[in-house]
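[1] pasting the sequence and the predicted model now:
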Amino acid sequence: MPSTNGRASRARRRALRIVQFFALAALLAACSGDQSVLDPKGPFAKGPDDLFMFVFWIAVVVFVLVQGLIVYTAVKFRQKAGDDALPVQTHGNTKLEIVWTVIPALILAAISVPTIQMIFDLDEEPPGAMTVEVIGHRWWWEYRYPDYGIITANELVIPVGVPIRLEMRAEESGAADRGVLHSYWVPKLGGKQDVIPGRMVTLNIQADTAGRYLGQCAEYCGLSHANMRNRAVALDMADFEEWVAAQQQPAAEPSDGLAVQGRELFTANCAACHTINSSSVAGADDFTNAIAPNLTHLMSRKEFAGAIFDLYGRDADGNFTDEPNVDLLKEWLRNPPAMKAMRPADGIGMPNLNLSEDQIEVLVAYLTTLQ
Ligand code: CUA
């Protein structure tokens, strides 16, 4: 009959195996999906991915060789029944030690050459690159297109097949604690780069296929770090040019009575932080920090609030429809801090303005005109 001790240790082993299984599953899950670095969609993601595979296969060969030798040795030279003699004792073997020092040194040298080359290649400004300025705020991303006079937020819109040179920094004005590090990362399009207050850093990205690419802030930046997503939206050139022309327009003039009331309310309550451009030039070379996302063309984006909430409905396949997500916008305006649930109220820049239902109604009527 098994002892209580034996049963307990078997139960412990079983529990350990279950934990190991879930840890492995979680690890593998992290390697797939929307943010997989193993599914590059442009040259600045493909280069590091190729390098990773090169290093990975070298590691596989080394692993199989070393583990194979260990298993072979353990089996071949195990103690046989009745053999109590002490094996021959060896102290040092110069030839062997030179071999197992030189081989790893050669492997590391073989890995370091393309790695260092890659670091310099990725840093270089690609010919024909389009510049976009990126500013990391708590907790959203601002994008400025100096060549086009466009300022937008949360969604980085880029043309397919064109290298994009991101000139990035973190906001630095205002209260001393506002200047925090962020890290810009859209895994399928390029590398990851820390964004720093008071210093400009660069990152190259490019998408070779049209689509929406998920990214997220990858440096702990305070209470809503986990809510700081971003989207890179890659459009075919014709669609991109259309987007540029639309963004360069001033805000639409509301005609509907509710929307007109909404604009008045907006001007009185929201305009201190959110800009709505009344002229066609957004002042992209004005390098002062915006307090909150520019809402001139809010409805041209698909997501809001750090790209964590849907601004439009979705169909059965998860694709966005043309129907604005009015209910969610209203819920947001009722109490923004509560919407970023389970986070403390100061994990968001937008306060609860204690708006009435009527005020929310007219505000949403106005916001949804901002195409
Ligand atoms: Cu921004 Cu983490």
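    Sure thing, it's come through.
[2] state the pLDDT value of the nearest residue to W140 once chain neighbours are set aside.
    Spatial nearest neighbour of W140, chain neighbours left out: G306 (4.6 Å); criterion: CB to CB, 6 or more residues apart in numbering. Any C-beta I mention is one placed from the backbone N, CA and C, and that applies to glycine too. On pLDDT, G306 comes in at 88.
[3] could you list the buried residues of the top helix by length along the chain?
    In the chain, with assignment by DSSP state H, the single longest helix is helix 43-76. Buried residues in helix 43-76, counting neighbours by 16 or more other CB atoms under 10 Å, are found at 43-49.
[4] what packs against that helix?
    Secondary-structure packing of helix 43-76 (3 or more CB pairs under 8 Å, 6 or more residues apart in numbering; DSSP states H and E): helix 94-123, strand 201-205.
[5] what pairs with the shortest one, and is each one parallel or antiparallel?
    It refers to strand 201-205. Using DSSP bridges, strand 201-205 pairs in its sheet with strand 164-170 (antiparallel).
[6] enumerate every residue touching S183.
    192-195, 217-219 (CB atoms under 8 Å, 6 or more residues apart in numbering).
[7] PyMOL command to pick out the buried ones of those?
    Buried residues within those, by 16+ other CB under 10 Å, are selected in PyMOL with:
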select buried, resi 193+194+195+217+218+219
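[8] and the two most separated of the contacts of S183?
    Distance extremes for those: the farthest pair is Q193 and C217 at 11.3 Å, using CB to CB.
[9] that's a strand at T152, yeah?
    Yes. Assessed with DSSP: H, G, I helix; E, B strand; the rest coil, T152 lies in a strand.
[10] so what's it up against?
    Contacts of T152 (CB under 8 Å, 6+ apart): 142-143, 145, 247, 293-294, 297, 301.
[11] repeat that for R314.
    Contacts of R314 by CB under 8 Å, 6+ apart are 320-321.
[12] got the residues of the chain near the ligand?
    136, 139, 182, 217, 219-221, 225, 228 (CB under 6 Å from any ligand atom).
[13] mark which of these are buried, thanks.
    Buried among the residues of the chain next to the ligand by 16+ other CB under 10 Å: 136, 139, 182, 217, 219, 221, 225, 228.
[14] mind listing what's buried in stretch 203-211?
    Per 16+ other CB under 10 Å, stretch 203-211 contains these buried residues: 203-207, 210.
[15] neighbours around the residue nearest to L370 when sequence neighbours are not counted, how many?
    Among residues not flanking L370 along the chain, L298 sits closest, at 4.4 Å (CB to CB, 6+ apart). Neighbourhood size, L298 [other CB atoms under 10 Å]: 22.
[16] for I348, see how far away L298 is.
    17 Å (CB to CB, to the nearest Å).
[17] same check, this time on T209
    The value you get for T209 to I348, if CB to CB is used, is 34 Å.
[18] what segments of the stretch 101-250 of the chain are strands?
    Counting by DSSP state E, counting those that start in this stretch, the stretch 101-250 of the chain has strands at residues 130-137, 140-145, 150-153, 155-159, 164-170, 182-185, 192-195, 201-205, 211-216, 229-235.
[19] lovely, talk soon.
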